[in-house]
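Enquirer: sequence plus predicted model, see below.
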Amino acid sequence: MQFAVPFSVLRGCVQHCRSCSSQACGWRAQWRRSYSFLKDDVKSLRAVVSPDISKIRNIGIMAHIDAGKTTTTERMLYYSGYIRALGDVDDGDTVTDYMAQERERGITIQSAAVTFDWKEYRINLIDTPGHVDFTLEVERALRVLDGAVAVFDASAGVEAQTLTVWRQADKHKIPCVCFLNKMDKPGASLSYSLESIKTKLKANPVLLQIPIGSGKGFIGLVDLITKQRMVWQGKSWADDGRLFESRVLEPTDDPELYEEVNQARGGLIEQVADLDDEFAELLLGEYGDNFDAVPAGKFQEAVRRVTLARKGVPVLCGSSLKNKGVQPLLDAITAYLPAPNERNHDLVRWYKDDLCALAFKVVHDKQRGPLVFLRIYSGTMKPQSAIYNINRNGTERMSRLLLPFADQHVEIPSLSAGNIALTVGLKQTVTGDTIVSSKASAAAAARRAQKGAEEKRGSAGSGRESSSLVLAGVEVPGPVFFCSIEPPTMSKQADLEHALNCLQREDPSLKVRTDPDSGQTVLCGMGELHIEILHDRIKREYNIETHLGPLQVAYRETILQSVTTTDTLDRTLGEKRHIVTVELTVSPWSESATGTSYYIAYEEEVEAQISAEVREAVDNGVQSGYLQGPLLGYPVQGVSTVIHSVHVEPGTSLAMVSACVSRCMLKALQQASGQILEPVMSLEVTVGEEYLSLVLGDLAQRRGCVHDIQSRHDNKVLLATVPLAEMMGYSTVLRTLSSGTATFSLELASYEPMNPQAQTSLLNKMAGLS
């Protein structure tokens, strides 16, 4: 057996074995495998390997709340030699949860990037939040990653937020590896977790490991590809999981386990052969007499092809908190997840070896100013160089280039394609911007794209191809909560505006607007926790004691009837007379077909008569009308507008055209019987059976609609939809009802019409009549 450690480490291990009183330590020394350094050795970030692009892995850790993402990340950093001691989420001393709010609450709020090496591979890893309020952090991380590790609580299987992050990974076509964590929990079930992956995620799990023992008796696992039996049983400093016993499983070790492994391996061979034609041909050709004799190397290559084609997801198991199974997970990341050059980015090929990068996150540092995270797709990035931002159409100078390691960063001289960089000095760049080396480089890429399009489809389609030279940005979900925010004194107003500008640049899901009637500053966010964290950050990071108004729900409005109206605007400004006449129809419209919230159309005669400038002014007027509904002034959705006629007198300004259309829209919407739409949330409650009736009774009072009640071990999982307005302070009520045993998660499902009684009550409340 070969040891992947230096001789000095071997000598240290042998000395340790000699000093042990345990007899087993002497004869098991030959099986012990260490993937790390001696306890006092910590690698420097400056020494991280810079391999060929094929040996780089950009991965994210994603999961439901409390599945063990941050704990798994901490173990990866420890075993790769980059931290001296194991941190713990409960103690608030992990590397990636470095914000004060994260350490106090024991949750991840901001995604954190770390770079480390494992064997000869370089891993750029992003630890993402599991809370639904911070789903944007997961979205923008997955946008720039090549692979993902989905972590599951083995006792719970697929949970509510697991579904959300899995859908996000599917959207970006990211290959995944599943890690069934917490195998040491009493309720942990391999079969239940696999079944939930099949039924809820509609994925094809490819089981690569069998656990040895269950619950508190979980001591290790068997790799089905290599038949290696790995056991963690250290008693002294080896308790940290660095050393474990690894050898080929023999029939004499445990006949029942040996038989189970053989059956599982046979099923795995058949499953992979069904998914990969090349592996099936290999089996039927060279190994037709004995499928079990297929070499582990060929087997791993087949599993890798299945994973990259997203036909199946490798499933591994372990317990991060108990330091078991993390080293094999790191091996699986390097073996099965793709390198940057194995992911297809059509746009990048036009830049060839020139720089092309995407800004996916901005963080404000008190000393350095804004730090911009970039994923480099092609070319090389160096400090003290000018870059061109295509989205902003401007050139900026990057002063320093850093390697990210949570909140500790190391300055580096250059970074090549496929990596994640942190830059200092980019003051205008925001999330979703495309960065290239120069304007000339962007023009050259546009010419190549145009030429390629002409060769492929002819000159007719070239314009669309060349216009897509901006990398796709990050989709930002709309806010569902809002509240007013006020500084303690007017002298702090400017400081508050600066703080909100910085936070908005960091977090695109935060929207800040000024109420036109009251002049108050309004925060719009993704949920109660999101607003609470922002309020706390303003206090701690910017030293402003702000006052928050009561949380309010972000409603929408629509209409129930079709109405046709005409409006004429006749106004004299100075010596010019502006006259516009508009006729239009607004109608209820189903938005499911296109995914947009409104629709604008023109009659053929009108479209032929008006110029492009007038049409743009009309579109602006219609969209302005959609911003403020007729009932409560909330944005309008589910409405189509058809323009019948636009008559503009010569000399009339385009602003007057927009104003007339907007006024006509408001007039039509007021006559079309308005309807309030309220955000309805998908609710999942995990509760003991003895408290189920109390929870159901409470949901009935909250206008909830129960869709399903499932069993999960000794608990019941209640799936329901509930209006968001009824869910204020629900966590406290649920804890009271269930004696603190129940958990729940919320996610925006859709906007639904309010019933007449609830709508009347809301209108009276907003008018101050109740």
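Expert: Noted; the coordinates are in hand. Since the structure is predicted, the reported quantities are computational estimates derived from the model, not experimental observations. Residues are numbered from 1 along each chain as shown.

Enquirer: what does the longest helix along the chain rub up against?
Expert: The residue-count maximum for a helix in the chain (DSSP state H) belongs to helix 255-275. By C-beta atoms under 8 Å, 6 or more residues apart in numbering, the list of residues contacting helix 255-275 from outside reads 204, 206-208, 210, 212, 222, 224-225, 227, 249-251, 279-280, 283, 291-292, 294, 299, 302-303, 306, 309, 311-312. From N, CA and C alone the C-beta is placed, and that goes for glycine too.

Enquirer: repeat that for stretch 282-298.
Expert: With C-beta under 8 Å, 6+ apart, stretch 282-298 has contacts from I225, T226, N262, R265, G266, I269, A273, F279, A302.

Enquirer: next secondary structure after the longest helix of the chain?
Expert: Beyond helix 255-275 on the C-terminal side, the first helix or strand identified by DSSP states H and E is helix 277-285.

Enquirer: circling back to that earlier point, of the contacts of helix 255-275, select the buried ones using a PyMOL command.
Expert: PyMOL command restricting those to the buried ones, with burial defined by 16 or more other C-beta atoms under 10 Å:
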select buried, resi 206+207+208+210+212+222+224+225+227+249+279+280+283+294+299+302+303+306+311+312
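
Enquirer: let's see which of the contacts of helix 255-275 end up in helices.
Expert: Using DSSP H, these in helices are F279, A280, L283, F299, A302, V303, V306.

Enquirer: dump the residue contacts of S438.
Expert: A386, I387, Y388, T395 are the contacts of S438 under C-beta under 8 Å, 6+ apart.

Enquirer: what would the ones in helices among the contacts of helix 255-275 look like in TSV with pLDDT and distance to T71?
Expert: What follows is these, written out as TSV (pLDDT from 0 to 100; distance: C-beta to C-beta, whole Å):
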residue	pLDDT	distance to T71
F279	92	35
A280	92	39
L283	89	39
F299	93	30
A302	95	31
V303	96	26
V306	96	28
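
Enquirer: which among these gets closest to D346?
Expert: Relative to D346, the closest of these is V306; by C-beta to C-beta it sits at 23.7 Å.

Enquirer: can you tell me which residues contact that closest one?
Expert: Each residue near V306 by C-beta under 8 Å, 6+ apart is listed here: V206, V272, L275, D276, G312.

Enquirer: how about a cut-off of 6 Å?
Expert: L275, D276, G312 (C-beta atoms under 6 Å, 6 or more residues apart in numbering).

Enquirer: just K182 next, same as before
Expert: K182 neighbours (C-beta under 6 Å, 6+ apart): D153, A154, S319.

Enquirer: give me that answer again for 7 Å
Expert: By C-beta atoms under 7 Å, 6 or more residues apart in numbering, K182 lies in contact with G68, D153, A154, S155, A188, S319.

Enquirer: next one: A499
Expert: By C-beta under 7 Å, 6+ apart, A499 lies in contact with I538, Y542, I544.

Enquirer: quick check, nearest of the residues you listed to L632?
Expert: For these, the closest approach to L632 (C-beta to C-beta) belongs to I538, at 27.9 Å.

Enquirer: doesn't T546 make contact with the closest one?
Expert: Yes - the criterion here is C-beta atoms under 7 Å, and I538 meets it with T546 at 5.5 Å.

Enquirer: and these two? Which one has more around it.
Expert: More neighbours surround I538 than the other of I538 and T546, with 23 against 19 (other C-beta atoms under 10 Å).

Enquirer: could you report the pLDDT at the more buried one?
Expert: I538 carries a pLDDT value of 94.

Enquirer: what sits against it?
Expert: A499, I544, T546 are the contacts of I538 under C-beta under 7 Å, 6+ apart.

Enquirer: SS state for it?
Expert: For I538, the assignment made with DSSP: H, G, I helix; E, B strand; the rest coil gives helix.

Enquirer: gap between it and E497?
Expert: For I538, the distance to E497 (C-beta to C-beta, to the nearest Å) stands at 11 Å.

Enquirer: gap between the two ends of stretch 71-85?
Expert: 13 Å (C-alpha to C-alpha, to the nearest Å).

Enquirer: just the CA coordinates of stretch 531-546, formatted as CSV?
Expert: In CSV, the C-alpha atoms belonging to stretch 531-546 read as follows (Å, rounded to 0.1, in the frame of the first residue of the first chain):
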residue,chain,number,x,y,z
ILE,A,531,-35.0,42.4,7.0
GLU,A,532,-33.8,41.6,10.6
ILE,A,533,-30.3,40.8,9.4
LEU,A,534,-30.1,43.9,7.3
HIS,A,535,-31.2,46.0,10.3
ASP,A,536,-28.6,44.4,12.5
ARG,A,537,-25.8,45.0,9.9
ILE,A,538,-26.6,48.7,9.6
LYS,A,539,-26.3,49.0,13.4
ARG,A,540,-23.0,47.0,13.7
GLU,A,541,-21.2,47.8,10.5
TYR,A,542,-22.3,51.4,10.0
ASN,A,543,-23.0,52.4,13.6
ILE,A,544,-26.5,53.8,12.8
GLU,A,545,-29.3,53.1,15.3
THR,A,546,-32.2,52.9,12.8
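
Enquirer: in that stretch, what's buried?
Expert: In terms of neighbour count (16+ other C-beta under 10 Å), stretch 531-546 has its buried residues at I531, E532, I533, L534, H535, R537, I538, Y542, I544, T546.

Enquirer: and stretch 117-134, which residues are buried?
Expert: The neighbour-count check on stretch 117-134 (16+ other C-beta under 10 Å) flags 117-118, 121-134 as buried.

Enquirer: returning to what we had before: dump the contacts of S438 to a markdown table, plus neighbour count and distance to A601.
Expert: Formatted as a markdown table, those follow (neighbours: other C-beta atoms under 10 Å; distance: C-beta to C-beta, whole Å):
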| residue | neighbour count | distance to A601 |
| --- | --- | --- |
| A386 | 10 | 45 |
| I387 | 22 | 42 |
| Y388 | 19 | 38 |
| T395 | 12 | 41 |
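
Enquirer: nearest to L401 among these?
Expert: Closest approach to L401 among the contacts of S438 (C-beta to C-beta): I387, at 11.1 Å.

Enquirer: can you tell me the element that closest one falls in?
Expert: Here I387 is assigned to strand 385-389, by DSSP H and E.
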